[in-house]
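> predicted structure and sequence below. I'll ask about it afterward.
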Amino acid sequence: MKTTGKEALIPGRVAGETSYSSARVLAQAMIRAAKAHGQHEARAGGPDPNWPEWYAEYMVREQSGEELPQ
């Protein structure tokens, strides 16, 4: 799928810039997302083929202080 970077946001998705001050801080955020995603998959009853989108959503929301995805 070709994207232009100007697509409308999917309902429930957030906009905004996200940055991390170091590779270590980014790695810690990824670890937190991985733990939360494991719980998400347990509730869903199996693997999540859209895990990259879920991780990204979680990490953006965490950094912006928004409610985290379940």
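Sure, I can see it. Numbering: from 1, shown residues only.
> going forward, measure contacts and count neighbours with C-alpha atoms only.
Noted.
> for stretch 54-66, buried residues please.
The neighbour-count check on stretch 54-66 (16 or more other CA atoms under 10 Å) flags 54-55, 57-62 as buried.
> and the host helix or strand of residue 31, what other elements does it pack with?
Element membership for residue 31 (DSSP states H and E) is helix 23-44. Counting contacts by 3 or more CA pairs under 8 Å, 6 or more residues apart in numbering; DSSP states H and E, helix 23-44 is packed against helix 51-64.
> check which helices and strands the helix or strand of the chain at the bottom of the mean pLDDT ranking is in contact with.
Lowest by mean pLDDT, DSSP states H and E among the helices and strands of the chain is helix 51-64, with a mean of 93. Identification of packing neighbours for helix 51-64 by 3+ CA pairs under 8 Å, 6+ apart yields helix 23-44.
> now do the helix it packs on, average pLDDT.
Across helix 23-44, pLDDT averages out at 96.
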